[in-house]
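> no sequence on this one, just coordinates:
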DNA sequence: CGGGCACTCTTGACTCGTTCCAGAGAACCG
DNA sequence: CGGTTCTCTGGAACGAGTCAAGAGTGCCCG
């Protein structure tokens, strides 16, 4: 990220720089992704509608795909989860995901630059990215989980 | 893994050891997962039906969930993919996934033992697993991709 | 500044992996 | 071998995401 929330003008410039037409749905979706990190599609649809009124879900799906294709947003999808989107792109960071509530936190790559991209045996694959997901319990869910375990014992 | 394909008797013992009743669908599913590493649910349903005749898809889904719950199989689900299952469990290995055809290969963890489980900042999460997915192109898809790029230029 | 092309949004149906439910059937304890 | 409890069958349902056709609009160019 390069500082605070981008202004509308900055968002507009991002779209133009990516050769995407500037439309109200696109500005709203891009803004929503910046304001709600790791939000799923449904949350983004609701955020966009709160700002613009009626917008078809298809439009939001289309916009998210276009933004992802040009690299303005990044799509993440941990196992068992729906697609989520974030605006922090281009720095190869990773994610910690809560097994209990699904909360996601950003985690900087421990090994800087191209990271774990050197597995012991790549089986002939040409690799371009190593995606790391740390699974565990977020601070909120740790007490709840402990209580649940106590109850079982 | 502990050697070659387990015999039916060994599969039966695995189920009993896990406190699961021994049924024909369970033996067939467990066997199919051993015979078809990284297969999706549909492939497994077809493998099971080839062996037993009619088996409801629901039965296979139930069995896969039960086997996953007790740790006899492991469920993996790279982004944009349906659920897949493997019988290699308990050794914390990772996967290389082909962006083009979805092929999956096992990759031993470069850092042995509990691996990358020490991110720079865990945000208060209590982590228990680091899942690594290496994205790239499998040997089969590399020529195809190169041709596609040539065509574009 | 206005016409026109190509792209984008709306609407609504649809796919497909997966889950839910109720009842029949089977494993296993005693 | 009977009873209990878990498992399987069959069919309906769900939900995230996609497809398709036509109306609408951004933006290039004259």
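The structure has been received and is ready for your questions. Everything numeric here is computed off the predicted structure, so don't read it as measured data. Numbers count the residues shown, from 1 in each chain, chains lettered A, B, ... in the order given.
> show me where chain A has its strands.
Applying DSSP state E to chain A gives strands spanning A:39-40, A:74-76, A:84-86, A:94-98, A:104-107, A:126-137.
> for DNA strand D, give me its nearest residue in chain A.
Across chain A, the shortest distance to DNA strand D (Cβ to the nearest atom of the strand) belongs to residue A:83, at 3.3 Å. Backbone N, C-alpha and C define where each C-beta goes, glycine included.
> tell me the contacts of that residue?
Contacts were defined as Cβ atoms under 8 Å, 6 or more residues apart in numbering or on different chains; by that measure residue A:83 touches A:40-41, A:64, A:75-77, B:79.
> and it, how far from residue A:100?
20 Å (Cβ to Cβ, to the nearest Å).
> and stretch A:100-111, how far out from the chain middle?
With Cα atoms, centre = their mean, to the nearest Å as the basis, stretch A:100-111 stands 11 Å off its chain's centre.
> does it reach DNA strand C?
No - judged by Cβ under 7 Å from any atom of the strand, stretch A:100-111 stays clear of DNA strand C, getting no closer than 14.7 Å.
> state the mean pLDDT of that stretch.
On average, the pLDDT along stretch A:100-111 is 86.
> same check, this time on stretch A:48-67
Average pLDDT, stretch A:48-67: 98.
> hey, which helix is longest across chain A?
Secondary structure of chain A read by DSSP state H shows that its longest helix is helix A:57-70.
> just the buried members of the contacts of residue A:83?
Buried subset of the contacts of residue A:83 (neighbour count, 16 or more other Cβ atoms under 10 Å in any protein chain shown): A:41, A:64, A:75-77.
> dump those residues to TSV, plus distance to residue B:26.
Output for the buried ones among the contacts of residue A:83, formatted as TSV (distance: Cβ to Cβ, whole Å):
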residue	distance to residue B:26
A:41	36
A:64	40
A:75	36
A:76	34
A:77	30
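> filter the residues you listed down to the ones near chain B?
Among the buried ones among the contacts of residue A:83, the residues within reach of chain B (Cβ under 8 Å from any Cβ of the partner chain) are A:75-77.
> so which bits of the longest helix of chain A are buried?
By 16+ other Cβ under 10 Å, the buried positions in helix A:57-70 come out as A:59-60, A:63-64, A:66-68.
> closest to chain B out of the residues you listed?
Distance to chain B, by Cβ to the nearest Cβ, is smallest for residue A:68 among these, at 11.2 Å.
> any idea how many residues pack against residue A:132?
Residue A:132 is flanked by 23 other residues according to other Cβ atoms under 10 Å in any protein chain shown.
> check residue A:108 too.
The tally of other residues near residue A:108 (other Cβ under 10 Å) stands at 12.
> and what of residue A:49?
Counted with other Cβ under 10 Å, residues neighbouring residue A:49 total 16.
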